[in-house]
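Peer 1: Okay, predicted coordinates and the sequence, questions at the end:
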Protein chains: 2
Amino acid sequence: MKRLGLIAGSGELPVLLANEANSKGLNVISITFTEESAKSLKPFSTIVYQYGVGEAGKIIKSLKSEGVKDIAMAGKVEKRLLFQNLKFDLKAIKILSKIKNKNDDTIMLAIISELEKEGMRVLDQISFLKRLFPSKGHLTKHKPDRRENSDIEYGFKIAKEIAGLDIGQTVIVKDRAILAVEAIEGTDEAIKRGCSLCKDGAVVVKVAKPKQDPRFDVPTIGIRTIENIIAGKVSALAIEADKTMVVNIDKVIKMAEENGVSITAV
Amino acid sequence: MKRLGLIAGSGELPVLLANEANSKGLNVISITFTEESAKSLKPFSTIVYQYGVGEAGKIIKSLKSEGVKDIAMAGKVEKRLLFQNLKFDLKAIKILSKIKNKNDDTIMLAIISELEKEGMRVLDQISFLKRLFPSKGHLTKHKPDRRENSDIEYGFKIAKEIAGLDIGQTVIVKDRAILAVEAIEGTDEAIKRGCSLCKDGAVVVKVAKPKQDPRFDVPTIGIRTIENIIAGKVSALAIEADKTMVVNIDKVIKMAEENGVSITAV
């Protein structure tokens, strides 16, 4: 039976992806970084390994010894870990020493390149999970009003610029003013900050990079995003059509409807 | 004797500017927005008015009745006030209703345009306070090392892009990764956030907008900036030469030297 190596960050996405892989008849070999993640993936995996984020050597060795050829990467590995007290093994130090900066793309491409050297390939998430990427249109019955549409248009343009600079993929905007720009603190913190700077009615816009690699860091929203959006009294969420993954889409839409939040794929 | 109208935001800059104006033989008519600001400007002003930020009608009326022709704007008026519970008078509502977005430039140019209609003009801060804008070079004996120089170069490029989008003027960077981008939360909060995401050695870069209007929102650093930089264990600060104002420059440099922080005008 065919095997899929799953390099699993945090969030619900790796579980969803493992489940999807099972339903396609694949055996999943999971690489995890936390106890919690290991536990949640166990029901969907043939075997689960748990390592430190800096243990690249061990990760590659395990994948090789399991005979894995296809890899999927899913979930967020907090990049801030790279700037804190983290132990790297020799392989990780070798990878990090070769890269020219610590942007997401640079790090991920260096890791992918190492995996490819070992004869593995990393799957395109957009084709592997196509049904999770909404096409253009309103996802909710609620629709953005004139002001929100104007903020979506403005925020989309600015978010694309920010994403093009490889800084982040999300902006929080109101009345065509940028309240917050996501950098390495992540989407949730950026939403909280932006909302704390206005009373209510902020608009959240999330986009893909202009040259988004479909193998990693694909923009994703899910229940936690919507929880933050509701808590922050955001009135409209816009995502880039065909390029943003919506995890648990039915529940996400239901929560948005119940709280008067519109979701639009632009 | 010639009169200068001073529209005073927060921080030490308005006091410094009023003092400078006094030494040039100008009578200062101050418009302030807080008790604290009114008190600090009293010794340097012929008269001090205190209004709400939204009372544009009263502000213009007072300046006119005092026979003011020249205006200087100094100090930060927290833009977040515009998004919170603030009362606007009719004049302010009229100004805000005409603008196409709530970016800094748009708001400030609308206010300047109103002042000009009343026969007043707003002074260029860079020529008025030339000695406070350092030229290219190292301000401290400490110099950036190779990694810091690389981060300054990278941060400068990104900060210029951000400033060109009228989002903010400051980025916090380490190992060529953007830790934080300033939006309306302001420089101090952006520095705190960026530093909280790394152990130490962050680099702070502050620039002018590509089309910086020298009459307002000129990038400024001072003692509070350096205090935050020291608290966050930042190792290098870079500012744009000839375009960034350094308030209390001697004390700023002394504090930087004592804490091993380099300051460079790029």
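Peer 2: Thanks, I have the structure now.

Peer 1: Please, which helix or strand holds A:I59?
Peer 2: helix A:56-65 (DSSP states H and E).

Peer 1: can you list contacts of that helix?
Peer 2: Helix A:56-65 is contacted by residues A:5, A:7, A:29, A:31, A:49, A:51, A:71, A:88-92, A:95, A:111, A:114-115, A:118, A:120 when judged by Cβ atoms under 8 Å, 6 or more residues apart in numbering or on different chains. Where C-beta positions appear, they are placed from N, C-alpha and C, glycine not excepted.

Peer 1: From those residues, which land in helices?
Peer 2: Applying DSSP state H to those, the entries found in helices are A:90-92, A:95, A:111, A:114-115.

Peer 1: Dump these into a markdown table; add distance to A:V77 and neighbour count as well.
Peer 2: Listed next are these as a markdown table, based on distance: Cβ to Cβ, whole Å; neighbours: other Cβ atoms under 10 Å in any protein chain shown:
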| residue | distance to A:V77 | neighbour count |
| --- | --- | --- |
| A:L90 | 20 | 10 |
| A:K91 | 16 | 17 |
| A:A92 | 12 | 22 |
| A:I95 | 14 | 19 |
| A:I111 | 10 | 22 |
| A:E114 | 15 | 19 |
| A:L115 | 15 | 21 |
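
Peer 1: Please identify which of those is nearest to A:D175.
Peer 2: Checking the ones in helices among the contacts of helix A:56-65 against A:D175 by Cβ to Cβ gives A:I111 as the nearest, at 40.8 Å.

Peer 1: Tell me who's in contact with that closest one.
Peer 2: Counted by Cβ under 8 Å, 6+ apart, A:I111 has contacts A:56, A:95.

Peer 1: how near is it to chain B?
Peer 2: Counting by Cβ to the nearest Cβ, to the nearest Å, the gap from A:I111 to chain B is 15 Å.

Peer 1: which one is A:G164 nearest to, not counting chain neighbours?
Peer 2: Excluding the flanking residues, the one nearest A:G164 by Cβ to Cβ, 6 or more residues apart in numbering or on different chains is A:P210, at 4.7 Å.

Peer 1: element containing the closest residue to A:R193 other than its chain neighbours, please.
Peer 2: Excluding its sequence neighbours, the residue lying closest to A:R193 (Cβ to Cβ, 6+ apart) is A:A180, at 4.7 Å. Element membership for A:A180, per DSSP H and E: strand A:177-181.

Peer 1: just A:I230 next, same as before
Peer 2: helix A:223-231.

Peer 1: residue in the stretch 151-266 of chain A nearest to chain B?
Peer 2: Per Cβ to the nearest Cβ, the residue of the stretch 151-266 of chain A with the smallest distance to chain B is A:R176, at 3.1 Å.

Peer 1: mind giving me the domain ranges of chain A?
Peer 2: With domains defined by automatic domain parsing, chain A comprises A:3-123, A:133-265.

Peer 1: hmm, back to that, quick check: mean pLDDT of the helix holding A:I59?
Peer 2: Helix A:56-65 shows an average pLDDT of 92 in the prediction.

Peer 1: Quick check: buried residues in it?
Peer 2: By neighbour count with 16 or more other Cβ atoms under 10 Å in any protein chain shown, helix A:56-65 contains the buried residues A:56-60, A:62-63.

Peer 1: swap in stretch A:106-114?
Peer 2: Residues of stretch A:106-114 classed as buried by neighbour count (16+ other Cβ under 10 Å): A:106-108, A:110-112, A:114.

Peer 1: what about the residue of the stretch 1-150 of chain A found nearest chain B, how many residues close to it?
Peer 2: As assessed by Cβ to the nearest Cβ, chain B sits closest to A:N101 within the stretch 1-150 of chain A, at 3.1 Å. A:N101: 16 surrounding residues under other Cβ atoms under 10 Å in any protein chain shown.

Peer 1: Low-confidence regions, chain A specifically.
Peer 2: Applying pLDDT under 70 to chain A flags the ranges A:1, A:78-85, A:102-104.
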